[in-house]
Each structure stands twice: as C-alpha cells, then as structure tokens.
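1. Fold the following and give me the result.
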Amino acid sequence: MKKAKTGGLGRGLGALGLGKNALAGAAKPAEPPAPTALTETAVPAAQAGTPATLPVEAIRPNRFQPRREFDEAALEELRESIARHGILQPLSVRDIGGGKYELIAGERRLRAARLAGLTTVPVVFRTATDVELAEMALIENIQREDLNPIEEAHAYQRLLTEFRLSQEELAHRVARSRSAIANSVRLLRLAEEVQAFIANGVLTMGQVRPLLALESAALQREAAEYIQEYELSARGAEALVKRLAKDPNALKRSAQPAKKPAPDIFVRDAEERLTRSLGTKVRIQEGREKGKGRLEISYFSMDDLERLLSLLTETEGVGKEDKRAALRAISTQSFTV
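-> Next up is the predicted model:
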C-alpha cells in the first residue's frame, strides 16, 4: 500500500517559514493597531502627524492661549456632546519631554473632556517653536471668531513684543492687513473700563475708536458711559469726542440738574382729587408742551384693577372679559390734563 504524499498545504506553509503552530495564529486576520495610549514610561519622541491617545493629566494648556474668557454655557454644550459622541477632532499637541505635552489647539475640547470625566483624549503630534505655537493658537481662534477684540489685541501685542516681530511681519503671518493689526493694538491704549465695555459687547469698535483721541483715562471712561447710556452711533461718538476735545468739562456741566419749574397748582389739585375719587395713588406727569402730560393710576391687585375699571368706564353690568378689554384699550391712550 502506497503511502500518501505529504505535500500541498504543509509544505507550502513550511516554505513560507511558518511552523506547525502557526496555523492557530493564521486563523484570524491581523487587526490594524489602535492608537497607543502613551504614558510617561512609554513616550517615544513623537513624530509630526502621528495620532495617539494621551492621558488628560499629561497635557498642559497652551501658554500663548489668547482667549481669557470661556463661555460656560457653550462649554457645557460641548461637554454633553463629548460625553455622548466622544471627541471627533483630535487635539494638537507638542512633546515637551518628561512625559508631558503642550497643547497647540483644542483648549475648549480639553476643558470639556475634563468636565465630561474623560481620562484620555485623542491627539495628533505637531512640531512647533514657541512663536509658531503662539501663531497657531491665535490663528485657530481668529478663524473660529472665538476672540473678542481685546483678547485679539493682547495676542497681537504679545507676538510683537515677545518675539520682536514687526507689524508687517505679523500681518503676513496671521493673514491680516498691517492697518488691522495697528488698529487692534491701539485699543490697549484705552482705559481698562472702556476695554471691558468692548470685551463684553456693550460698545462696538466703531463707538470706542474715537475715544483714542482723548488722552485722559477718566475722560475716556466718562465718554464711554455717555455713549452707552444714550446709545450714540459711531458718528455720534465722533461728535462727542470733538466736543470734549474743545471743552473737557462739557459732560459735567450738562449733567448738572436743571432747575425744575414750580409745579402747576391746577395739576397738583387734579392729582389730589383723582386720588381721593379713585381711592388709589394717582400721579400726573407734566409734558414738555403746556397743557399735555401723562396720567398714571396705580392698582395693587386684580380686584383693585377691576374696581378701577368700573369707576373709569361706568360699566357696572359688563362682564369681566369685557372690562379687561376696555382697560387694555384705555391703557393705550394718552390723557391730557
């Protein structure tokens, strides 16, 4: 009886350099390696563009982060999104040695990840000098329109001073015009209170830019408060600054209370008679035009309101809804006394 040939599969695997025990390993296809969770003991010199997963505690904030305020409501929304879907866009970091990494871009995602209780986050390694780090942080925020004008001005100023860049060089690096850089940095010459108005969105750039012509910080504050109170436009702000340049005390004089004219005896008598007649507080405010003004009648409950309505409209047999409709009609009218 002839012995069967031992060839085919066995010899083929042997020829490929696989032993008898290799079949178990060959039964499953090899899976691509997942991003490595790097720790202090397993941190190679990171190559640019390499994805990885890092412990949250190993990442330090960007020293050049231009944002000073983070919207808590928006951060909470991002936390909920990350808790539900994870971080979809990896953070950018650079290796600073000793198992530590510095954030280049993605501080909101990092903060929200911490709030969501994540212990690791996906990252992509980048190589960057300090000046490139500052540039990338600034550009990311500018592109997303996350910075208020004062934060942007401080970021420009830091790049100009710490890295000794000219306005022309900085403009080229961040894709802005030189005049835009110059106008932005000039905002830092305003009084701190005025800067706060801009940062909080109380006043616009157009409204505050004319204030740079005022050298006194106190006068800048006074003018800014006047612009805000009277809702002056940019042109109105310019006119105000021209007025203050000629007369710095102009606002102080205009703020002095004018002498009130003596109250009209007839108006005061009418006020007292209506108060007695209606059994509630009545106030008559005289208008600018003689013989015209406003009549204010106070009520202190819905029953009191209906009582007054009955007295004013003489509609004793009318239902409540009709009375209220009549009162709404009366409330839109102006009374002349």
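2. make it CA atoms for all contacts and neighbour counts henceforth
-> OK.
3. Where does Leu103 sit, in terms of helix or strand?
-> For Leu103, the host element (DSSP states H and E) is strand 100-105.
4. Contacts for that strand next, please.
-> Identification of contacts with strand 100-105 by C-alpha atoms under 8 Å, 6 or more residues apart in numbering yields 40, 58-62, 91-96, 133, 136-137, 140.
5. Sheet partners, orientation included, of that strand?
-> Its sheet considered, strand 100-105 pairs with strand 59-60 (parallel), strand 91-97 (antiparallel) by DSSP bridges.
6. who wins for most neighbours among the contacts of strand 100-105?
-> In terms of neighbour count, Val93 stands highest of these at 27 neighbours, by other C-alpha atoms under 10 Å.
7. Once you drop chain neighbours, what's closest to that one?
-> Nearest-residue entry for Val93: Leu103, 4.4 Å, with adjacent residues in sequence omitted and distances by C-alpha to C-alpha, 6 or more residues apart in numbering.
8. okay, Val208: pLDDT?
-> Per-residue confidence (pLDDT) for Val208: 94.
9. Can you give me the neighbour number for it?
-> Neighbours of Val208 using other C-alpha under 10 Å come to 23.
10. Any chance of a markdown table for the strands paired with strand 100-105, columns distance to His154 and mean pLDDT?
-> Formatted as a markdown table, the strands paired with strand 100-105 follow (distance: least, C-alpha to C-alpha, whole Å; pLDDT from 0 to 100):
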| stretch | distance to His154 | mean pLDDT |
| --- | --- | --- |
| strand 59-60 | 21 | 93 |
| strand 91-97 | 23 | 90 |
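11. In TSV: the ones you listed, plus distance to Thr119.
-> TSV is the format used below for the strands paired with strand 100-105 (distance: least, C-alpha to C-alpha, whole Å):
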stretch	distance to Thr119
strand 59-60	11
strand 91-97	14
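12. And the pLDDT at the residue nearest to the spatial centre of the chain?
-> Centroid-nearest residue in the chain: Asp71, 5.4 Å away (criterion: C-alpha atoms, centre = their mean). As predicted, Asp71 sits at a pLDDT of 77.
13. got it, and Leu240?
-> Confidence at Leu240, expressed as pLDDT, is 93.
14. A helix includes it, no?
-> Yes. With DSSP: H, G, I helix; E, B strand; the rest coil as the criterion, Leu240 is part of a helix.
15. number of nearby residues for it?
-> Leu240: 19 neighbours (other C-alpha under 10 Å).
16. contacting residues around it?
-> Residues near Leu240 by C-alpha under 8 Å, 6+ apart: Ala223.
17. Repeat that for the one 3 residues further on.
-> With contacts defined as C-alpha under 8 Å, 6+ apart, Arg243 is in contact with Ala250.
18. Give me the distance between it and Leu219.
-> Distance, Arg243 to Leu219, by C-alpha to C-alpha, to the nearest Å: 12 Å.
19. Same question for Gln167.
-> 29 Å.
20. Is there a neighbour count for the residue nearest to Val93? I'd like the number.
-> So Leu103, with other C-alpha under 10 Å, has 24 neighbours.
21. for the contacts of strand 100-105, which one is nearest Gly201?
-> Nearest to Gly201 among the contacts of strand 100-105 is Glu140, at 21.2 Å by C-alpha to C-alpha.
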